[in-house]
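Engineer: how would this look folded up:
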Amino acid sequence: MVSYFDQISRNKWKSILLMTGFFVLFVAVIFIFTLFLGLGIFGLILSFILVGIYALITYYAGDKVILSISQAKEADRKQYPGLYNIVEGLALAQQLPIPKIYVMNEPNPNAFATGRSPKHASVVVTTGLLQIMNKDELEGVLAHEMSHVGNNDIQFMMIAIVFVGVIGIIAMFARSFLFFGGGDRRDEGIIIIIALIIGILAPIVATIVQLAISRKREYMADANGARLTRNPKGLSSALKKIQQYSQNPSGTPVKHATEVTSSLYFSNPLKGVSNLFSTHPPIEERIKILDSMY
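Structural biologist: Residues are numbered from 1 along each chain as shown. Purely as a prediction, here's the structure:
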């Protein structure tokens, strides 16, 4: 048996350590790339300025892009009074501003939260989730999503997405240099090694670390959601229904989910992804932990 607080603390520290490692990798890739191109300290400073601009754009516009990609529509209070009541109650329990509530016309039972801060948060649920969940299960899922808002996970994952995006762009340049670039023959071997590290290995490592961070934040949101409702069985039962849906041959992935947005969802919205490259922990493990909580 584990307590809510032990589970929250354990995963909080693990995700902080992973993010620290991620930041070191990020800085190292930029430093090696600018050194590789012979840009010196000026190039390093310019690189961080450009990354800062990219990060600000992602931070302020990212949630609007995500809602648009997902084709989510703001929920009508008259049509979904129960949904509003649950979200407002959870916001009050956490002393958070009430987020905007959206619904996706999508049979896959799922949900996600987005926004640059608790004051600008949105919670999205699918019609499939509303159809198959009872009140306790729906409350468990929404408590999980509201925990993401309260834990600042949205900003946390946005930073990770920025890191992966920048490393991916640098990797593209490195691969282009490898295949089309030149360099003196005397240092050609070193250039090839550096280009391979930056162009191929760095984005793979960055993606694996990003996904590991996402999985730790999911565990933490499960624990905090269970603490909020004082009913881990409700969240566990919701996960069991989602597991049954995903194992059903007729179950479909979320139509408008992408590899970029998949880490935001309550459960993995994509199909055919191995555990190593999954944005979410195995559902079986999440159920096991929730069932052991007190």
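
Engineer: Give me the distance from whichever strand or helix holds A226 to the chain's centre.
Structural biologist: With secondary structure defined by DSSP states H and E, A226 is part of helix 202-229. Taking the mean of its C-alpha atoms, helix 202-229 sits 7 Å from the chain's own mean (CA atoms, centre = their mean, to the nearest Å).

Engineer: List the buried residues for stretch 244-261?
Structural biologist: Applying a neighbour-count criterion of 16 or more other CB atoms under 10 Å, the buried positions in stretch 244-261 are Y245, S246, P253, V254, H256, A257, T261. Where you see a C-beta, it was placed from the backbone N, CA and C, and this is true even at glycine.

Engineer: So which of those residues are in helices?
Structural biologist: Assignment to helices by DSSP state H places the following of those there: Y245, S246.

Engineer: And the furthest pair within the buried residues of stretch 244-261?
Structural biologist: The distance between the two most remote of the buried residues of stretch 244-261 (CB to CB) is 19.3 Å, for Y245 and T261.

Engineer: Find the residue ranges of the stretch 151-294 of the chain scoring beneath the pLDDT cut-off.
Structural biologist: Low-confidence segments of the stretch 151-294 of the chain, defined by pLDDT under 70, span residues 174-199, 272-277, 294.

Engineer: So A113, which state does it fall into?
Structural biologist: Under the three-state scheme (DSSP: H, G, I helix; E, B strand; the rest coil), the conformation of A113 reads as strand.

Engineer: what's the pLDDT at it?
Structural biologist: Here, the pLDDT recorded for A113 equals 93.

Engineer: my guess is it contacts V149, does it?
Structural biologist: Yes - using CB atoms under 8 Å, A113 makes contact with V149 at a distance of 5.3 Å.

Engineer: which residues do the two both contact?
Structural biologist: Residues touching both A113 and V149 by CB atoms under 8 Å, 6 or more residues apart in numbering: P99, A121, V123.

Engineer: Select from these every entry located in strands.
Structural biologist: Using DSSP state E to define strands, the subset of the shared contacts of A113 and V149 located there is V123.

Engineer: Counting neighbours, which of the shared contacts of A113 and V149 comes out on top?
Structural biologist: For those, the largest number of neighbours (other CB atoms under 10 Å) sits with V123, at 27 neighbours.

Engineer: which residues sit in contact with it?
Structural biologist: With CB under 8 Å, 6+ apart as the criterion, the residues that contact V123 are V87, P99, K100, I101, Y102, A111, F112, A113, L142, E145, M146, V149.

Engineer: Which strand residues bridge it?
Structural biologist: I101, A113 (DSSP bridges).

Engineer: Check the burial of R227 by counting its neighbours.
Structural biologist: Using other CB under 10 Å, R227 is surrounded by 19 other residues.

Engineer: actually T20, not the one I wrote
Structural biologist: 10.

Engineer: ok, back up a step: quick one: the contacts of V123 as a markdown table, columns for distance to S236 too.
Structural biologist: Shown next, in a markdown table, are the contacts of V123 (distance: CB to CB, whole Å):
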| residue | distance to S236 |
| --- | --- |
| V87 | 21 |
| P99 | 24 |
| K100 | 28 |
| I101 | 24 |
| Y102 | 25 |
| A111 | 16 |
| F112 | 19 |
| A113 | 20 |
| L142 | 15 |
| E145 | 16 |
| M146 | 18 |
| V149 | 21 |
